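**Student:** Predicted model and sequence follow; I will ask about them next.
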Amino acid sequence: MTQLEHFLNRAEQVLARLEALLPAATPVPDWALGTAFRWRKRGGIGYLQVVRHPATIRLEDLQNIVRQKDLITQNTRQFVLGLPANNVLLTGARGTGKSSLIKACLHQFADQGLRLIEVDKADLADLPDIVDLVAERHERFIIFCDDLSFEEGEAGYKALKVALDGSIAGPSDNVLIYATSNRRHLLPEKMSDNQGYSHGDDGDLHPGETVEEKISLSERFGLWVSFYPFRQDDYLEIVAHWLSILGCDAEEVAAARPEALRWALQRGSRSGRVAWQFARDYAGQSAGRKHV
């Protein structure tokens with residue numbers, strides 16, 4: 001082996017070692033395969049996984065949240081049309097339609113270029129990579145963070161703050177973040193937080209640093225939408241809607257009312273989720289009896 005060949009061989013070995021140390025490129029998905037995606041990790045490399053069968057819930061299926069539906073639909077419509085729109089935080093009672101409303105917006109606007117990317121809280125540190133991956137696409141992307149809450153000191157908390165508006169890079173105009181949470185401020189609130197409040201000479205109440213930090217993340221969402229527990233009549237109306245969708249006639253819907261109330265009492269909740277679960281159980285049993 002000549003001296004030159006020996007040098008080239010050594011150079012190839014060095015380059016191979018350097019290549020192994022470089023971060024792997026994020027795989028690009030086949031965008032034509034779907035309208036919804038999940039951010040996944042394999043071997044430390046993040047990628048978008050196509051959701052083969054996204055939820056097909058419709059906006060008209062979501063009952064007794066008219067105001068919330070109007071706010072989210074209008075914001076999403078502006079976004080799809082390329083008009084100014086806000087990141088959204090949906091908070092409130094469990095099972096009242098927060099996540100379903102976001103999925104229904106995808107169903108409503110998918111044919112106009114809307115796409116949904118679901119990201120787990122544990123992967124929020126990858127938000128810059130996700131935004132870079134879709135920044136040059138012509139579609140409009142909602143990054144969906146479901147059931148979001150943080151404990152103090154979690155890395156995803158600061159990553160989300162930066163993604164919303166704290167980075168040196170400007171936000172991509174084809175990406176919004178929609179998050180749902182049972183907590184208005186996304187962090188646990190403690191009695192000790194109140195000790196940080198102070199009174200000014202003019203009598204104004206000023207929050208301390210701890211409270212300010214807990215409020216700062218939610219304030220980065222331009223649109224807050226609150227959801228509230230359903231009344232009994234609201235719950236029964238939702239039950240009736242789903243029973244009708246699932247093939248029950250008016251007589252069966254009326255007969256189901258007492259059982260629907262007992263079902264809610266056992267669950268300790270009159271949420272839309274509980275209404276949907278009852279309707280599936282009741283409609284399934286009713287159909288089964290007809291086939292006996």
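**Tutor:** Sure thing, it's come through.

**Student:** how about the strands in the stretch 101-250 of the chain?
**Tutor:** Ranges of strands within the stretch 101-250 of the chain are 114-118, 140-145, 175-181, 198-199, 205-206, 223-227, based on DSSP state E, counting those that start in this stretch.

**Student:** Ranked by average pLDDT, which of the ones you listed falls at the bottom?
**Tutor:** Mean pLDDT is lowest for strand 205-206 among these, at a mean of 49.

**Student:** one step back: can I get the strands of the stretch 101-250 of the chain in JSON lines including distance to Arg267 and mean neighbour count?
**Tutor:** (Glycine included, C-beta is placed from N, CA and C.) JSON lines is the format used below for those (distance: least, C-beta to C-beta, whole Å; neighbours: other C-beta atoms under 10 Å):
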{"stretch": "strand 114-118", "distance to Arg267": "26", "mean neighbour count": "22"}
{"stretch": "strand 140-145", "distance to Arg267": "26", "mean neighbour count": "23"}
{"stretch": "strand 175-181", "distance to Arg267": "20", "mean neighbour count": "24"}
{"stretch": "strand 198-199", "distance to Arg267": "44", "mean neighbour count": "10"}
{"stretch": "strand 205-206", "distance to Arg267": "39", "mean neighbour count": "10"}
{"stretch": "strand 223-227", "distance to Arg267": "18", "mean neighbour count": "18"}
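
**Student:** In the chain, where is pLDDT below threshold?
**Tutor:** Segments of the chain classed as low confidence (criterion: pLDDT under 70) are 1, 4-8, 11, 14-27, 150-155, 166-171, 184-215, 291-292.

**Student:** if we can go back for a sec, in TSV: the strands of the stretch 101-250 of the chain, plus distance to His107.
**Tutor:** Shown next, in TSV, are the strands of the stretch 101-250 of the chain (distance: least, C-beta to C-beta, whole Å):
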stretch	distance to His107
strand 114-118	9
strand 140-145	12
strand 175-181	14
strand 198-199	49
strand 205-206	44
strand 223-227	18
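
**Student:** So which of these is nearest Val274?
**Tutor:** Closest of the strands of the stretch 101-250 of the chain to Val274 is strand 223-227, at 14.3 Å (criterion: C-beta to C-beta).

**Student:** Would you mind getting the angle between that closest one and strand 175-181?
**Tutor:** 30 degrees (axes from the mean of the first three to the mean of the last three C-alpha atoms, to 10 degrees).

**Student:** Of the strands of the stretch 101-250 of the chain, which is nearest Val162?
**Tutor:** Across those, the minimum distance to Val162, taken as C-beta to C-beta, is reached by strand 175-181, at 11.5 Å.

**Student:** Can you classify Lys69 by secondary structure?
**Tutor:** Lys69 carries the three-state label helix when classified by DSSP: H, G, I helix; E, B strand; the rest coil.

**Student:** That one: how many residues sit nearby?
**Tutor:** Other residues within reach of Lys69, judged by other C-beta atoms under 10 Å, total 19.

**Student:** And for Ala85?
**Tutor:** When neighbours are counted by other C-beta under 10 Å, Ala85 comes out with 19.

**Student:** Equivalent analysis for Leu133, please.
**Tutor:** For Leu133, the neighbour count with other C-beta under 10 Å is 21.

**Student:** now swap in Gly247 and tell me
**Tutor:** Look at Gly247: counted by other C-beta under 10 Å, it has 11 neighbours.

**Student:** for it, what are its contacts?
**Tutor:** Gly247 sits next to Ala283, Ala287 when contact means C-beta atoms under 8 Å, 6 or more residues apart in numbering.
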